[in-house]
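>>> quick check, what structure comes out for this input:
(one chain, ligands or ions: 2)
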Amino acid sequence: MTTLPQISLAKLGADATQREEQQRLQAACEECGFFYLVEHGIPKEQIVQAIESSRRFFALPQPVKERYDHASQGLYPSIARGYSRLNGEILHPDAGPDPKEFFDLGIDSEGDQRPFAGRTLLPDDALAPGFARSLLALQATVLSRVVPQLGTALAELVGMKQGWFRSHFSPPTLGQRVIRYPARSGMCAKHTDGGFFTLLLQEELPTRSLQVWLRGRWLPVPSLPDSLVVNLGDMLQALSDDRFKSTPHQVAHSGLSDRISLPFFIYPDIDAHLTSQQGRHFSVAEMMLRNYESVEAGNGAGRARELQ
Ligand SMILES: O=C(O)CCC(=O)C(=O)O
Ligand SMILES: [Fe+2]
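Numbers count the residues shown, from 1 in each chain. Ligands and ions are numbered 1, 2, ... in the order given. So this is what the prediction gives:
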């Protein structure tokens, strides 16, 4: 395999093409755990604006950015939201700190004391023009046009009953991240994602920064015009009784300009409990908290921990 499969969200939603596209989706989930999503319905302009305004935020002086750091967000777990400086996260202990900086948002909810809930403290428009506005607009589009459609198809493929997705993802728990990788040296160490699935919007660059561990080697996954990358997380692998793969991946950015990427980590409702067809049972809150604790402890590689 020299490239990832392409799945069309429009075809998954249309009666005439749904069956065949579901079969292609199943093969992609079993064989790769990674695919390109095309005809996804997110306006290009929204993605471009989010990337441009993120670049302006990251160009602010360091002390200004740190006003929005984890501690100032006051949420639990503390690393769930806010700004993280360059070299602020260790995913794979062998690799050390990742040369990347990022900002985490979620779905805003006022006065909600549960883990991963609350309101993100974001810079206003005067300080970071368009940053909060464009990221929240993109969030609304992703949550309404992509997550339910793709999530429903995935749930059906792992044998969940009709209506299961709606009852376990109302609302979903979202980790919305915007990352800047510096030119020539940006990295994100090998890891698997802990959630249900991840939608990755990446800048259209000629570099091959994202790499996926498939059949014993690293496959570069360049950006394709007008497509997203989707990968499955550990939670969906567990719910599929290991039929679907949460595949290790990493970023090694050697491009001459910096790179912005916008992953959306999709988890079920924080109060949900999931049971696989073979009776594997787990609590979403417990699994998420374990995953975030491992990241805080500098050991967030997930199932890529064993990979040398
Ligand atoms: O930036 C990317 O291309 C991927 C980032 C990633 O895998 C992650 O943050 O989990
Ligand atoms: Fe990832």
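>>> residue in the stretch 151-300 of the chain with the shortest distance to ligand 1?
residue 261 (3.4 Å; C-beta to the nearest ligand atom). All C-beta atoms are positioned from the backbone trio N, CA, C, and that covers glycine.
>>> quick check: that residue is in a strand.
Yes: assessed by DSSP: H, G, I helix; E, B strand; the rest coil, residue 261 belongs to a strand.
>>> counting neighbours, what do you get for it?
When neighbours are counted by other C-beta atoms under 10 Å, residue 261 registers 26.
>>> ok, now which ones touch it?
Counting by C-beta atoms under 8 Å, 6 or more residues apart in numbering, residue 261 makes contact with 178-179, 181, 200-203, 210, 251.
>>> so for it, what's the pLDDT?
Looking at residue 261, its pLDDT stands at 97.
>>> how close does it get to residue 38?
Distance of residue 261 to residue 38, given as C-beta to C-beta, to the nearest Å: 18 Å.
>>> and residue 242, by the same measure?
Distance, residue 242 to residue 38, by C-beta to C-beta: 28 Å.
>>> and residue 131, by the same measure?
As judged by C-beta to C-beta, residue 131 and residue 38 stand 28 Å apart.
>>> these two: who's more crowded?
residue 131 (25 against 16).
>>> where along this structure do the helices fall?
Counting by DSSP state H, the chain has these helices, from start to end: 9-13, 15-31, 44-58, 62-65, 70-73, 131-141, 147-157, 164-168, 234-239, 284-296.
>>> nearest to residue 194, out of the ones you listed?
Nearest to residue 194 among the helices of the chain is helix 284-296; the distance by C-beta to C-beta comes to 3.7 Å.
>>> buried residues in that closest one?
For helix 284-296, burial by neighbour count (16 or more other C-beta atoms under 10 Å) applies to 284-285, 287-289, 291-292, 294-295.
>>> which residues does residue 109 contact?
Per C-beta under 8 Å, 6+ apart, neighbours of residue 109: 117-119.
>>> one more: residue 81?
70, 73, 75, 104-106, 118, 120-121.
>>> same thing with residue 159?
Here residue 159 is in contact with residue 277 (C-beta under 8 Å, 6+ apart).
>>> could you export the contacts of residue 261 as TSV, including pLDDT, neighbour count and distance to ligand 1?
Shown next, in TSV, are those (pLDDT from 0 to 100; neighbours: other C-beta atoms under 10 Å; distance: C-beta to the nearest ligand atom, whole Å):
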residue	pLDDT	neighbour count	distance to ligand 1
178	98	26	10
179	98	25	5
181	98	27	7
200	98	22	6
201	96	22	9
202	88	24	5
203	88	20	9
210	97	24	4
251	98	22	5
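>>> quick one: low-confidence parts of the chain?
Within the chain, the ranges that satisfy pLDDT under 70 run 1, 308.
>>> at 90 what do you get?
Low-confidence segments of the chain, defined by pLDDT under 90: 1-2, 111, 202-207, 303, 305-308.
>>> what's across from residue 212 in the sheet?
Beta-bridge pairing of residue 212 under DSSP bridges involves residue 219, residue 249.
>>> please shift the residue numbers so they start at 48 in all later answers.
With 48 as the first residue, the last one maps to residue 259.
>>> test my guess that it contacts residue 82.
No: Residue 259 is beyond contact range of residue 82, at 10.3 Å (criterion: C-beta atoms under 8 Å).
>>> which of these two has more neighbours?
Set side by side, residue 259 and residue 82 show more neighbours around residue 82, with 23 against 19, by other C-beta under 10 Å.
>>> tell me what that one is bridged to.
Counting by DSSP bridges, residue 82 forms beta bridges with residue 277.
>>> what's around residue 81, how many residues?
25.
>>> surely it touches residue 296?
Yes: assessed by C-beta under 8 Å, residue 81 is found in contact with residue 296 at 7.3 Å.
>>> shared neighbours of the two, anything?
259, 268, 278.
>>> how far away is residue 66 from ligand 1?
Computed as C-beta to the nearest ligand atom, to the nearest Å, the residue 66 to ligand 1 distance reads 31 Å.
>>> and the gap between that residue and residue 51?
Counting by C-beta to C-beta, the gap from residue 66 to residue 51 is 22 Å.
>>> more neighbours: which of those two?
Comparing residue 66 with residue 51 by neighbour count (other C-beta under 10 Å), the higher total belongs to residue 51, at 21 against 10.
>>> check contacts around the residue lying closest to residue 101 once chain neighbours are set aside.
Distances taken as C-beta to C-beta, 6 or more residues apart in numbering place residue 225 nearest to residue 101, at 4.7 Å, with adjacent residues excluded. Counting by C-beta under 8 Å, 6+ apart, residue 225 touches 97, 101, 149-150, 152, 182, 307-309.
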